[in-house]
Structure formats: C-alpha cells, structure tokens
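A.B. asks: Take this sequence and fold it.
(chains A and B, ligands or ions: 2)
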Amino acid sequence: MKYLHLVIAALSRRKARTLFTLVSIVAAFLLFGLLNAVRVAFSGGSETLAGNERLVVASRFSIMTGLPQSLQARIAAIPGVEAVGHQNWFGGVYQDPKNFVLSFAVDQNYLDSNPEIVLTPEQRKAFADTRDGALVGKALAERYGWKVGQQVPLISQIFPRKDGDMTWPFTIVGIYDVAPDAPNGTDQMFFLHWKYFDEGNQYGQHEVGWYVVQLSDPAAADRVAQAIDALSANSDHETRTQTANAFNASFAKQLGNIGLIVSAIVAAVFFTLILLTGNTMAQAVRERIPELAVLKTLGFSSRSVLALVLAEAVLMLLVGGIIGMLLATAVVPALGKASGGMIQLPALGLRDWSEGLALMILIGFLVGVLPALRGMRLRIVDALAGR
Amino acid sequence: MATLVEIRNVSKVYERGRQKVEVLHHVNLDIAEGDFLALMGPSGSGKTTLLNLIGGLDSPTDGSITIGGQRIDRLGEGALAKWRAANVGFVFQFYNLLPILSAQKNVELPLLLTHLSAAQRRKNAAIALELVGLADRASHKPTELSGGQQQRVAIARAIVSDPRFLVCDEPTGDLDRQSAEDVLGLLQMLNRDHGKTLIMVTHDPRAAEHARHTLHLDKGTLVEEQGLGIRD
Ligand SMILES: Nc1ncnc2c1ncn2[C@@H]1O[C@H](COP(=O)(O)OP(=O)(O)OP(=O)(O)O)[C@@H](O)[C@H]1O
Ligand SMILES: [Mg+2]
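C.D. replies: Ligands and ions are numbered 1, 2, ... in the order given. Below is the predicted model of the structure:
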C-alpha cells in the first residue's frame, strides 16, 4: 500500500497517454456491460419460479404457426392440468410503427392462471364484459398517458380486419400491476380478447398462437407435456410442449444464437483492448527502464519491481473498467425507455460485476506481465549505462 | 582506522558475443572506514565498473570483495539488494531522480524499504533535505530544480537511510564550477562531520582535491596511490 503513490505517479507520468488508454478501457467495459445484458436477456435470463410450473404448448414447426382452438378442451382433460389458457401474438403499434406495443390476444383462462399479472376482481369483470376491452400494464399506460375508459386504436403489423383495415379500436378497461418477481417488461403489455381478435381478423379462425398450461403439480411436468404432445401426434398440427422458461429460451434461439454473437463481439473488443493496452504498457515501461533501475539500485527487490508494474496495469484496468460498467448500469434502463419497451434489458447484476472485475484483473495481468518481467529482469549496471 | 572495504584479486570480464573483455585485472584495494577516496583515470579504464562492484550493483568474475566483514561477492541478487539498501548510498552523474516525484518523495524512496511509519519517513526525509540546504524546495519536482540542486536532492536520498558509505560516480560531471563546488563541499562535510566513508569517481583533478586520497586506474589496473591527506 505504501507503494501506491509510486504506481499512481507512474500512471500520471504521461497524462494524455493514460487518459487515452483509460477511455478505450471505459469504452470496452461499457460495451461489455451492455452486451452482457443483451446476452442475459436472450438466454432466458428472465427465468422465474412460476416459469417452471407452467407449460407452453406451441406448434412443433414454428412459433408463428397457430394451433386449433379445439385442443384447449382436450388438454384441460389431461390429469395434472389445472387450467389452460391461450395467447396470440397481435403485433400492434400505437399511432406510429416505432411505438411498438407488446400486445397479445388472450382468453380469460390465460389471465386467471398468470400470477404475474395482478388484477382486481373489478378489472377482471370489466374485461370479461367488454368485447373490445383491453388490459394494459402500468408502465405502458403511463408512457402514452392512457386512462381507463379511453378509446385506443392499435395498428396490427400482421392482422388485417375483415374489411382490410389494419387499425383495431379498443377500450381500456383496466390498468394492471405486476407481481414483484415478474419478468422485465411484464408491465409493458397490452392484452385484448382473443374472441374479438379471432372473429375480427381476415385470416384463419379458431386459431390460437400457443397454449399456456398451469400444472397442479410441477413434478408432473414431463408426463403432462408428453401427454399433450401425444394428442396431436401425426396430425397436421403437431405440438411441442416445454416449460415456460424453456420456451422463452427457445424463442430467443429462433432469433439467432444471440449469446454466441454477443460473446464473439465481446471477445473481439477485448482482444483489441489487450493489444492496445499491452502496447501502451510496454512503451511506458520501456521509457522508465532507467527509473526502475534506480529503484533496484536503492534496494527494491526484483519482485517489488514486478509488482509495481503489474499493479500499474491492473489499477488502470480497474479504474477504466469500473467507470465503463457504471456507465453501462446507467445506460441500460435509459435504453429500455428510449426503445419504448421493445428492448427490455435486465439491470447489471452481481454476476455481471464479478465477471467484469475478474476480466479487469485478468486483462491487467495479461497486459502487465511482459513489461513487468522485463522490468524485473533488467540488469542494473546495463540499464544505468543506457545499454 | 578499521578497513571497511577489502578488494582482493578482483577481475571483471565482460562477454560481448564471443569476445571476452577483461575490464579489471587482479585489483587489490583497501579502503579505510571514514576515508574519502577519489578514483581517477581515463575513459574506459574501468572506474564505473569498480565502483559498481563496491556498491554491490554487480559481481566480480574473480576475486573477493569484503565490506564490513561480509563477502558481498557471494551474495545472491535478492540478498545483495537488501545489503545495498542497508549499507550503500548512491550518487550518479545525472542525478537519477524520479521525474514525477517531488524532492521530498524522491528522498523518501529508500525509506519505503524500512519499517518506518509514513510520518517518520516524512520527518527523516525533511532532515536530509535540510542537511543539503534544500528544505525550502521539498515540494519541487526535479525539473523545477537546477542541476546542482538536483544533485543535492540525490545526495539527500543517498544519506537518508544512514548508509555506511556512499559511492559517487562523477557527481560533478554535469555541473558548472560553482554548483560542483557546492556539491563537493557537501560531500566533504558528510565525510568530515558525519564520518561517512565516500568513494568518488571523477575526471576532474579539482574535484579530486577535495578527497583525502586519490587512486588512478588505467586499463583496469590501479597504477599509483597518492596519500594527499588534505583537510584532516
Ligand atoms: N556490461 C558491459 N558489457 C560490455 N562491456 C562493458 C560493460 N560495462 C562496461 N564495459 C566496458 O568496460 C570498459 C570500462 O567501462 P567503465 O564504464 O568501467 O569505464 P569508466 O572508467 O567508467 O569510463 P568513463 O570515464 O567513460 O565513465 C569499457 O571499455 C566499457 O565499454
Ligand atoms: Mg564511468
């Protein structure tokens, strides 16, 4: 610790160079923080306890392929099934395509078996009684200043109505709260009646997007899933049943292996950072060889010199890295807001920070070790004579 | 007086690729405790080499070096570093201060290797700076000081941990006449009033006059000894 001022002095020797290096480290770790959030968001990071007690039944072929509504009663008849609801992707936007709204057509069962969406009995009743009624999340309502009773038209990006019009009118009947452990973005959703949607749209009728099955016993998940898939085996609408958590993860997989892409970007960024910082460190130590020789002359051990140079590299990485990750922490929620709920990134957590800190120390060692060894091994008499 | 440095049959050979250059040939030399010895000789005669051996910065190829009863030619690198920290003060031609540290912090450097507290280190460094007449420049960086002042800071750094002896390699080689006189006066004072043993390499006969003895080195051999015990 009493050597700390020597480390800081070494770093402040060339302020511009240190600043430049620091900025690249900050940028790299800002990116690391952001991309890590993206990776977590796409790797089923929103795993919930409830997600393992629920099954999702979707078409085997694609999430966008619908299933017959007639399946609902047959699934409900399987032992171990508590309730079956269903959901369709509506793909709505509000006023402008960039105001994307996470909108789903659902049946009453779906809402009843979804503990993450907190409804009062009045809200539930109002929804049930209103054909064009919609339940909207608190955050979503706040964003557009929607009130209960208000008429809100959404434009579906996918489904035209019978007359070809893409605009669907709705009446807001309730603004819901979410459970504390609900996944990110649950308070950004818009629920409409499946009946209203099914009767009004120009395409297929009696089709649902996917079923959500509430289990009476989570341990029976595998058996129930097999029984559900057996219902449609060899039909033209074969199903694939998974827990909600697994479904979310495979949904993300269909968007490409984001995790892999993100990891590759992070690796490339850090590779560049190591080259850049390593070069800077090498240069900084080369310039200071006579000074390190003086320290050794005075009796500093070779190991102290090694430690001084390593500490210099690690300190630089830690300062830059922590600033970068703090910036990422600030930017992640801002990004969610700016994207209008389209991008929902989880906040940087303990795991991101420990990964980040480990990376900072590791990279510090990597870029510091060669110059440090050079400083450690220098021969005093040669260095003093400028050889 | 007791002998501090005993150099017996010391040779130093440098290897340049395949070529071997013997820079010192069977040197024998005794330096008494409390002496102020000037080492003169032409460029390339091996003065710095000999001084580095005495200061424990390098090891001889052959022969023995005993200082204060200890064979330093047998010490390993780590032990030698500890020995230097405890016994030797170094003064170089180009001062070799750390440019980013203040005079005060430069002088404190050797004390980082001791068990002294931060307050004690600060105090001892202040005393050393006071001794070389630069108490008012403690917070200055080396670039804000003249050559002579920088060399005096270097001397303060060399004496702050109270070593047994100082080795000075052309301490006035880069200074004007007046600054050189100041520095030499200071070294003389350290020898006379504080009993420090000094070994100084110099090209300048007027600098050598400040010493008690002068030795001449030529092509790696000590050629004559002059006992000019001035200012005793
Ligand atoms: N590490 C080394 N490798 C090879 N040769 C060396 C090395 N150190 C010194 N020499 C050679 O040894 C000889 C003596 O060098 P030294 O530095 O001791 O001379 P010096 O008397 O101090 O000279 P000057 O007055 O120029 O400082 C020189 O010829 C020098 O080139
Ligand atoms: Mg020399």
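
A.B. asks: Check the gap between residue A:155 and residue A:99 for me.
C.D. replies: According to Cβ to Cβ, to the nearest Å, residue A:155 and residue A:99 sit 9 Å apart. Just so you know, the C-beta spots here come from the backbone N, C-alpha and C atoms, and that holds for glycine as well.

A.B. asks: between those two, what contacts are shared?
C.D. replies: Counting by Cβ atoms under 8 Å, 6 or more residues apart in numbering or on different chains, the shared contacts of residue A:155 and residue A:99 are residue A:93.

A.B. asks: What separation is there between residue B:32 and chain A?
C.D. replies: In this view, residue B:32 and chain A are 25 Å apart by Cβ to the nearest Cβ, to the nearest Å.

A.B. asks: Please name the residues that touch residue B:75.
C.D. replies: With Cβ under 8 Å, 6+ apart, residue B:75 has these contacts: B:56, B:83.

A.B. asks: per-residue pLDDT, it?
C.D. replies: In this model, residue B:75 is scored at 93, pLDDT.

A.B. asks: From residue B:31, how far off is it?
C.D. replies: 19 Å.

A.B. asks: and what of residue A:214?
C.D. replies: 95 Å.

A.B. asks: The nearest residue to residue A:78 once chain neighbours are set aside: neighbouring residues, count only.
C.D. replies: Sequence neighbours aside, residue A:227 is the residue nearest to residue A:78 in space, at 4.9 Å (criterion: Cβ to Cβ, 6 or more residues apart in numbering or on different chains). Using other Cβ atoms under 10 Å in any protein chain shown, residue A:227 is surrounded by 17 other residues.

A.B. asks: interface residues of chain B facing ligand 1?
C.D. replies: B:14, B:16, B:21, B:23, B:41, B:43, B:44, B:45, B:46, B:47, B:48, B:49 (Cβ under 6 Å from any ligand atom).

A.B. asks: Am I right that the last one falls within a helix?
C.D. replies: Yes: the secondary structure assignment for residue B:49 places it in a helix, going by DSSP: H, G, I helix; E, B strand; the rest coil.

A.B. asks: quick one, what contacts it?
C.D. replies: Going by Cβ under 8 Å, 6+ apart, the list of residues near residue B:49 reads B:12, B:23, B:24, B:58.

A.B. asks: Quick check, the residue in chain B closest to chain A?
C.D. replies: residue B:85 (2.6 Å; Cβ to the nearest Cβ).

A.B. asks: tell me which element that residue is part of?
C.D. replies: helix B:77-87 (DSSP states H and E).

A.B. asks: Tell me the buried residues in stretch A:131-150?
C.D. replies: A:133, A:134, A:135, A:136, A:137, A:139, A:140, A:141, A:143, A:146 (16 or more other Cβ atoms under 10 Å in any protein chain shown).

A.B. asks: helix/strand/coil for the last one?
C.D. replies: The local conformation at residue A:146, judged by three-state DSSP, is coil.

A.B. asks: Distance of the spatially closest residue to residue A:352 that is not a sequence neighbour relative to residue A:29?
C.D. replies: Using Cβ to Cβ, 6+ apart and skipping the chain neighbours, the partner closest in space to residue A:352 is residue A:36 (5.0 Å). Taking Cβ to Cβ as the measure, residue A:36 falls 10 Å from residue A:29.

A.B. asks: try residue A:120
C.D. replies: Computed as Cβ to Cβ, the residue A:120 to residue A:29 distance reads 45 Å.

A.B. asks: now residue A:7
C.D. replies: In terms of Cβ to Cβ, residue A:7 sits 20 Å off from residue A:29.

A.B. asks: between these two, who's got more neighbours?
C.D. replies: Higher neighbour count among residue A:7 and residue A:29: residue A:29, with 28 against 19, using other Cβ under 10 Å.

A.B. asks: remind me which residues of chain A are low pLDDT?
C.D. replies: Applying pLDDT under 70 to chain A flags the ranges A:40-51, A:63, A:249-257, A:337-344.

A.B. asks: Next, count neighbours for the closest residue to chain B within chain A.
C.D. replies: With Cβ to the nearest Cβ, the shortest gap between chain A and chain B falls at residue A:299, namely 2.6 Å. By other Cβ under 10 Å, the residues close to residue A:299 number 25.

A.B. asks: again, but for residue A:202
C.D. replies: There are 12 residues near residue A:202, going by other Cβ under 10 Å.

A.B. asks: same thing with residue B:181?
C.D. replies: Around residue B:181 there are 16 residues (other Cβ under 10 Å).

A.B. asks: same question, residue A:100
C.D. replies: Neighbour count of residue A:100, defined by other Cβ under 10 Å: 18.

A.B. asks: Relative to ligand 1, how far out is it?
C.D. replies: Distance of residue A:100 to ligand 1, computed by Cβ to the nearest ligand atom, to the nearest Å: 72 Å.

A.B. asks: Wait, that residue touches residue A:93, no?
C.D. replies: Yes: Residue A:100 is in contact with residue A:93 according to Cβ atoms under 8 Å; the separation is 5.5 Å.

A.B. asks: Which parts of the stretch 151-300 of chain A are strands?
C.D. replies: For the stretch 151-300 of chain A, the strands defined by DSSP state E, counting those that start in this stretch cover A:151-156, A:167-178, A:189-193, A:207-208, A:210-215, A:239-243.

A.B. asks: I meant to write chain B there.
C.D. replies: Remark: strands assigned in chain B by DSSP state E are B:3-16, B:19-32, B:36-40, B:62-67, B:70-71, B:88-91, B:165-169, B:197-201, B:213-218, B:221-226.

A.B. asks: circling back: can I get the buried part of the residues of chain B next to ligand 1 as one PyMOL selection?
C.D. replies: What follows is the PyMOL syntax for the buried subset of those, where burial is set by 16+ other Cβ under 10 Å:
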select buried, chain B and resi 23+41+45+46+47+48+49
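
A.B. asks: So which bits of chain B are right by chain A?
C.D. replies: B:48, B:52, B:55, B:57-58, B:77-78, B:81-86, B:90, B:92, B:96, B:98-101, B:105, B:109-110, B:112-113, B:118, B:157 (Cβ under 8 Å from any Cβ of the partner chain).

A.B. asks: Mind giving me the packing neighbours of the biggest helix by length in chain B?
C.D. replies: Looking across chain B with DSSP state H, the single longest helix is helix B:177-194. With contacts defined as 3 or more Cβ pairs under 8 Å, 6 or more residues apart in numbering or on different chains; DSSP states H and E, helix B:177-194 has these neighbours: strand B:36-40, helix B:147-159, strand B:165-169, strand B:197-201.

A.B. asks: Show me what counts as buried in that helix.
C.D. replies: B:179, B:180, B:181, B:182, B:183, B:184, B:186, B:187, B:188, B:190, B:191.

A.B. asks: which residues does the residue in chain A that ligand 1 sits nearest to contact?
C.D. replies: In chain A, no residue comes nearer to ligand 1 than residue A:382, which is 5.3 Å away by Cβ to the nearest ligand atom. By Cβ under 8 Å, 6+ apart, the contact set of residue A:382 is empty.
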